[in-house]
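*Asks:* The following block contains a protein sequence and its predicted model.
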2 protein chains.
Amino acid sequence: MRIESKKIEFNQELTLECGKSLPKFDLMVETYGELNEKKTNAILVCHAFSGNHHAAGMLESETTAGWWDQIIGPDKAIDTNKYFVVSSNNIGGCSGSSGPASENPLNGEIYGADFPVVSVTDWVNTQKILMDHLGIDKWELVLGGSLGGMQALQWAISFPEHVKKAGIFAAAAQASTQNIAMNEVARESIRKDENFYGGFYLKNKTKPKKGLKTARMLGHITYLSEEHMDLRFGRKFQDIESRVATDVDFQIENYLQYKGEKFSDAFDANTYILMTKAMDNYDPASLTGGILEDALKNVKSRLLVVGFKTDWLFPPKKGKEIQLAAMRSGVDSSFVILDGKHGHDSFLFLSDRYFKLIRSFLES
Amino acid sequence: MRIESKKIEFNQELTLECGKSLPKFDLMVETYGELNEKKTNAILVCHAFSGNHHAAGMLESETTAGWWDQIIGPDKAIDTNKYFVVSSNNIGGCSGSSGPASENPLNGEIYGADFPVVSVTDWVNTQKILMDHLGIDKWELVLGGSLGGMQALQWAISFPEHVKKAGIFAAAAQASTQNIAMNEVARESIRKDENFYGGFYLKNKTKPKKGLKTARMLGHITYLSEEHMDLRFGRKFQDIESRVATDVDFQIENYLQYKGEKFSDAFDANTYILMTKAMDNYDPASLTGGILEDALKNVKSRLLVVGFKTDWLFPPKKGKEIQLAAMRSGVDSSFVILDGKHGHDSFLFLSDRYFKLIRSFLES
């Protein structure tokens, strides 16, 4: 599989939904497979909350396979022998695209908390600019899970002429009160870390690692299903020899401590805040008086909405809401509930049914 | 209603389940109503996680009515015209009983992190010592909600001859993996506050208020039902004028910020850690090879187990497990699911059915 990874600089002002603008911006982009001559075989993959442009394969410079490597590749559900797959890091991210850890071209300093609030719609707009840059007129498919599914939905709303199909997995047309509440606790934990410095921690040559760790530990609880946690960890005690922290008694505590610590080394705290805010704020129906079907009335793409039975962050009923609204708007759509034992994270893991579903949607 | 509130000093060593001991200990106790001559009308009420001895009424020295004032009082479900109700602050607490903020009699310093790990069984043991001190031989009823319900269950197990009836509300015979996970995130947030000082913050003349606030914000999400949060807050924005923090966008964020801030002024962080550990560690079946019915085989009390439909911390199925085990052990027991719109906190709020249930259980 041909993989290309590069940072693309866009020397143009980008006005964001919040009213602020970036004087210019970079997108970190990875592509898999080859674009055909007519440029009609392109698929856009949108990443979730803590994902990035590295969706599949593994370049020599990379240490892990991409987050959707089970799905994207030669002969996989998204077959790179046939399709050209594009994946970019969202602005506000921390994997190479312009974000809070980037330099502000206006003053040469790191943005930090000065990086403006970004939205799902902003991401879709930058992906459209990338699409134009690549000379692609229509995506065969735009798809993603979780926050990535929100982007796929917004693509169908924002650019109906440029998306043939949209795959919306483990997503919702709006975050629930409980989603917002959980995200606010995570943000609070970051903001109150003594090394946060109001978001200007990099200028102060430090990072709010402790707060970011706590935030991620909480996140993990919402990504896993309760059943899966019960089966995998139950009330089992952690061996004292393999404890990652002295206060750990149970295996589940050790797991969260380990995952949180690892994440806090790699991720950016301001990005965590921006991504959760984008998730909380996403609500296409808010522009049409709260009526989702009105927000979908210009959609021309076919929609495949998938919910996972054990997902309690965006449970299947949230997917069903999208499909019902699409149906009422006369949008060609289908809704499928898959088993998926990994809770919200199930969208990341291959299963036979998942494979067939994506394949048949692509080939239909 | 006659209310008495006093601190009782027990000048005796108390050996705890963890193997450590307290050289002596205090219990802060409140009583409601009058003990009859034969001392046969006594009821013990056990408090939940952040509760204390102040369960009902309001003395001149107190600023709020007790946490179960809807249930306990003249002509209320627990009628103080008829019964003498005893309520004490658990050891390890922060409302007057010996706890991490008390002075260690061995060295004259504040205990802080040196206060030993306490358990539900330890609490029941101290309540038994209090019972002996009061000259009571048998409780008419021991009851409580949440962690208080765990104590009521443990009373029936530890002292079968001394409890006529036990009321176990919104409780479980063991915390789930997810419960433990949530509690660990809360503890992590406290431990990583720069003012925690490994638990010796009072010696350092400070308090880990920020960490405690985050912990409580998370706790609140688990106490409320998702449905109730949706109905009450939904995705409504907070008025800018009434925001309690500048980062607040949604009403639910404001609510959590307000509740968390208030709590962090009043509660002790070490107590928070001890109480969550006691909840995580409680597991009577662990002493009988994981078989709950074996743990219950000496129980002589009648059990009333109540679950609340919207409770997702200890959902009704957890109560059902207790009653099924009791039934298999031949223990006289019943299980009732009540509606309760307040999620886990529903056990605090009166309803007609709740009133009748407690009344008829008491009078049966």
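*Replies:* Received, thanks.

*Asks:* give the contact list for the nearest residue to A:F233 once chain neighbours are set aside.
*Replies:* Using Cβ to Cβ, 6 or more residues apart in numbering or on different chains and skipping the chain neighbours, the partner closest in space to A:F233 is A:I252 (4.1 Å). In this view, the C-beta of every residue, glycine as well, is placed from N, C-alpha and C. Taking Cβ atoms under 8 Å, 6 or more residues apart in numbering or on different chains, we find A:I252 in contact with A:M229, A:F233, B:T177, B:I180, B:A181, B:E184.

*Asks:* Point me to the residue sitting closest to the centre of chain A.
*Replies:* Nearest to the geometric centre of chain A sits A:A48, at 1.2 Å (Cα atoms, centre = their mean).

*Asks:* Give the phi and psi angles for it, as a check.
*Replies:* For A:A48, the backbone dihedrals are phi -90, psi -180 (criterion: degrees, to the nearest 10).

*Asks:* where does it land on pLDDT?
*Replies:* Listed pLDDT for A:A48 reads 97.

*Asks:* Thought A:L143 was touching it, still the case?
*Replies:* No - using Cβ atoms under 8 Å, A:A48 and A:L143 do not qualify as a contacting pair, with a distance of 11.6 Å.

*Asks:* re the thing from before, turn the contacts of A:I252 into CSV, including distance to B:N204, neighbour count and secondary structure.
*Replies:* Shown next, in CSV, are the contacts of A:I252 (distance: Cβ to Cβ, whole Å; neighbours: other Cβ atoms under 10 Å in any protein chain shown; DSSP: H, G, I helix; E, B strand; the rest coil):
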residue, distance to B:N204, neighbour count, secondary structure
A:M229, 36, 20, helix
A:F233, 35, 21, coil
B:T177, 35, 24, helix
B:I180, 29, 26, helix
B:A181, 30, 25, helix
B:E184, 24, 29, helix
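
*Asks:* Just the closest of those residues to A:A152, please.
*Replies:* A:M229 (28.1 Å; Cβ to Cβ).

*Asks:* Report the separation between that closest one and B:G211.
*Replies:* As defined by Cβ to Cβ, to the nearest Å, A:M229 lies at a distance of 24 Å from B:G211.

*Asks:* got it, and A:D249?
*Replies:* When distance is defined by Cβ to Cβ, A:D249 is 19 Å away from B:G211.

*Asks:* ok, now A:A245?
*Replies:* Per Cβ to Cβ, A:A245 is found 15 Å from B:G211.

*Asks:* SS state for A:S286?
*Replies:* Three-state call for A:S286 (DSSP: H, G, I helix; E, B strand; the rest coil): helix.

*Asks:* follow-up on the earlier one: for A:A245 and B:G211, work out which one has more neighbours and name it.
*Replies:* B:G211 (29 against 16; other Cβ atoms under 10 Å in any protein chain shown).

*Asks:* Could you export the helix or strand harbouring the more buried one as PDB, CA atoms only?
*Replies:* Assigned by DSSP states H and E, B:G211 belongs to helix B:209-223. The C-alpha atoms that make up helix B:209-223 are tabulated as PDB, following Å, rounded to 0.1, in the frame of the first residue of the first chain:
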ATOM      1  CA  LYS B 209      -9.700  22.100  47.400                       C
ATOM      2  CA  LYS B 210      -9.300  21.900  43.700                       C
ATOM      3  CA  GLY B 211      -8.900  18.200  43.600                       C
ATOM      4  CA  LEU B 212     -11.800  17.700  46.000                       C
ATOM      5  CA  LYS B 213     -14.000  19.900  43.800                       C
ATOM      6  CA  THR B 214     -13.200  17.900  40.700                       C
ATOM      7  CA  ALA B 215     -13.900  14.600  42.600                       C
ATOM      8  CA  ARG B 216     -17.300  15.900  43.700                       C
ATOM      9  CA  MET B 217     -18.200  17.100  40.300                       C
ATOM     10  CA  LEU B 218     -17.700  13.600  39.000                       C
ATOM     11  CA  GLY B 219     -19.600  12.100  42.000                       C
ATOM     12  CA  HIS B 220     -22.600  14.300  41.200                       C
ATOM     13  CA  ILE B 221     -22.800  12.900  37.700                       C
ATOM     14  CA  THR B 222     -23.200   9.400  39.200                       C
ATOM     15  CA  TYR B 223     -25.700  10.500  41.800                       C
END
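
*Asks:* tell me the angle it makes with helix A:209-223.
*Replies:* Here the directions of helix B:209-223 and helix A:209-223 differ by 10 degrees (axes from the mean of the first three to the mean of the last three Cα atoms, to 10 degrees).

*Asks:* Excluding sequence neighbours, find me the nearest residue to the residue nearest to the centre of chain A.
*Replies:* A:S146 (3.9 Å).

*Asks:* Contacts only, for the one you found.
*Replies:* A:S146 sits next to A:A48, A:F49, A:F169, A:A170, A:A171, A:L313, A:F314, A:H344, A:F347 when contact means Cβ under 8 Å, 6+ apart.

*Asks:* Show me the domain layout of chain A.
*Replies:* Split into domains by automatic domain parsing, chain A comes to A:3-176+A:283-363, A:179-276.

*Asks:* so how far does the longest one reach from one end to the other?
*Replies:* Okay, so that is domain A:3-176+A:283-363. Terminal residues of domain A:3-176+A:283-363 lie 23 Å apart, using Cα to Cα, to the nearest Å.
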